[in-house]
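[1] need coordinates for the below:
(chains A and B)
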Amino acid sequence: AQSVTQLGSHVSVSEGALVLLRCNYSSSVPPYLFWYVQYPNQGLQLLLKYTSAATLVKGINGFEAEFKKSETSFHLTKPSAHMSDAAEYFCAVSETDTGRRALTFGSGTRLQVQP
Amino acid sequence: DAGVTQSPTHLIKTRGQQVTLRCSPKSGHDTVSWYQQALGQGPQFIFQYYEEEERQRGNFPDRFSGHQFPNYSSELNVNALLLGDSALYLCASSLATSGTGELFFGEGSRLTVL
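    As a prediction, this is how the structure comes out:
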């Protein structure tokens, strides 16, 4: 069975500050990990994914995440927050990396960016 | 190139009624998955359709059923609606044979059960 835990349902940062959103996973097999972003009244957009290649993954909008097997973590970071980054962020895990994957999502972290 | 489209965007039903939600996948995609997102929660996997058959299913009761048509579009049906079925229902499409393909999500259908 697979599961995802996102620590902190709400995170608030100042514009220009570091963004750190935490994600820990459990999986019975080597996992594939994803971060999605959801803006109000919209669907989910893929930010980045880890699929067993490089452990440091770069995504869109300046976000990156590092896969740490020893810590079972896949935290999302961005060096400098922008107002437009305010949204809900979801970490997800899958045990397959085909187009037929079924994702298990965390409960989400709402990022607030203060001017 | 149209992405994933879902209809209706919003609907209100009463307990005990039935609802049908529709999804058209992104052009070129052959697999459709449905997720339920309750308020303040992450999406939960309902089921996935490929080649017009249900291939995987999450922990949802039989009141939730679906269908995939030859053109790859899909429907989600929910019978005997409960208040707890109120949620955003997300459709995601993908290409089954893609080893690195991502899931593309629609904007969802927001169901309110009164």
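[2] close to chain B: what parts of chain A are there?
    For chain A, the residues found near chain B under the criterion C-beta under 8 Å from any C-beta of the partner chain are A:4, A:6, A:36, A:41-46, A:49, A:51, A:90, A:92, A:97-108. Bear in mind the C-beta positions are built from the backbone N, C-alpha and C, glycine included.
[3] buried subset of these?
    Among the residues of chain A next to chain B, those scoring as buried are A:4, A:6, A:36, A:43-46, A:49, A:51, A:90, A:92, A:97-106, A:108 (criterion: 16 or more other C-beta atoms under 10 Å in any protein chain shown).
[4] restricted to helices, list those.
    Using DSSP state H, no member of those sits in helices.
[5] among the residues you listed, which ones are in strands?
    A:4, A:36, A:44-46, A:49, A:90, A:92, A:104-105 (DSSP state E).
[6] dump these to TSV, plus distance to residue A:57 and pLDDT.
    Shown next, in TSV, are these (distance: C-beta to C-beta, whole Å; pLDDT from 0 to 100):
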residue	distance to residue A:57	pLDDT
A:4	16	95
A:36	13	96
A:44	17	93
A:45	16	94
A:46	11	93
A:49	7	91
A:90	16	97
A:92	14	94
A:104	18	93
A:105	18	95
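[7] what lies in contact with stretch A:81-90?
    Applying C-beta atoms under 8 Å, 6 or more residues apart in numbering or on different chains, the contact partners of stretch A:81-90 are A:6, A:13-19, A:21, A:35-40, A:44, A:47, A:61, A:76, A:78, A:105-106, A:108-113, A:115, B:42-43.
[8] quick one: buried ones out of those?
    A:6, A:13, A:19, A:21, A:35-38, A:44, A:47, A:76, A:78, A:105-106, A:108-111, A:113, B:42-43.
[9] which intervals of chain B have sub-threshold pLDDT?
    In the prediction, chain B carries residues with pLDDT under 70 at positions B:1, B:99-101.
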